[in-house]
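Participant: mind folding the following:
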Amino acid sequence: MEVCLSPDLQSMEQIRRIMRPTDVPDQGLLCDLLWSDPDKDVTGWGENDRGVSFTFGAEVVSKFLRRHDMDLICRAHQVVEEGYEFFAKRQLVTLFSAPNYCGEFDNAGAMMSVDDTLMCAFKVLKPADKKRIPQMYASSRTAAPPKNTPAPGKCKNNKK
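Facilitator: Numbering: from 1, shown residues only. A predicted model of the protein is given here:
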């Protein structure tokens, strides 16, 4: 499941009841599911530097997993340098599949596969050499969703 956490999330039924398609509001459960971020320096819930949603600490992850009998949360919507990054003793993984995001970052991208025994494996997509990126892509887009920047981010000349 690609989801993140919200202080409003009490049951998985709340996620199932979200009407789709829908616009993402600026606050509330759906906003948090898309934009909340892990933060190693936070205990519980904290303010998010993106200006939307919250940050959460490792104990929030552990409590959620115990309550819902899960082993791992897989989330996205945040640039991570190596394409994937673990948090909370490998109980949460952030995946970001777009290398050289918007031509502004030197990040790798990653894909995660899960086998029949629930073993996770990662395929890392190394960033391209910026010298090889056509100039129209390298400089005409602005970056978005790394932590410490406003969200939701969009690239210029790009719908998402």
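Participant: and residue 19, how many residues sit next to it?
Facilitator: 6 (other Cβ atoms under 10 Å). Just so you know, the C-beta spots here come from the backbone N, C-alpha and C atoms, and that holds for glycine as well.
Participant: list the contacts of residue 76.
Facilitator: Contacts for residue 76 were tallied using Cβ atoms under 8 Å, 6 or more residues apart in numbering; they are 2, 94-97.
Participant: now rank the residues you listed by neighbours and give me the top one.
Facilitator: If you count neighbours using other Cβ under 10 Å, the busiest of the contacts of residue 76 is residue 96, which has 25 neighbours.
Participant: give me the phi and psi for that one.
Facilitator: Main-chain dihedrals, residue 96, degrees, to the nearest 10: phi -140, psi 120.
Participant: the one 10 residues further on now?
Facilitator: Here is the backbone geometry of residue 106 (degrees, to the nearest 10): phi -100, psi 30.
Participant: hang on, the earlier thing: which of the contacts of residue 76 fall in strands?
Facilitator: Counting by DSSP state E, the part of these found in strands is 94-95.
Participant: closest to residue 112 among the contacts of residue 76?
Facilitator: Closest approach to residue 112 among the contacts of residue 76 (Cβ to Cβ): residue 95, at 5.6 Å.
Participant: the closest one and residue 103, how far apart?
Facilitator: 20 Å (Cβ to Cβ, to the nearest Å).
Participant: same question, residue 109
Facilitator: Distance from residue 109 to residue 103, by Cβ to Cβ: 13 Å.
Participant: likewise residue 42?
Facilitator: Distance from residue 42 to residue 103, by Cβ to Cβ: 31 Å.
Participant: likewise residue 35?
Facilitator: 23 Å.
Participant: which strands and helices sit next to the lengthiest helix in the chain?
Facilitator: As assigned by DSSP state H, the longest helix anywhere in the chain is helix 58-67. Helix 58-67 sits against strand 73-75, with contacts defined as 3 or more Cβ pairs under 8 Å, 6 or more residues apart in numbering; DSSP states H and E.
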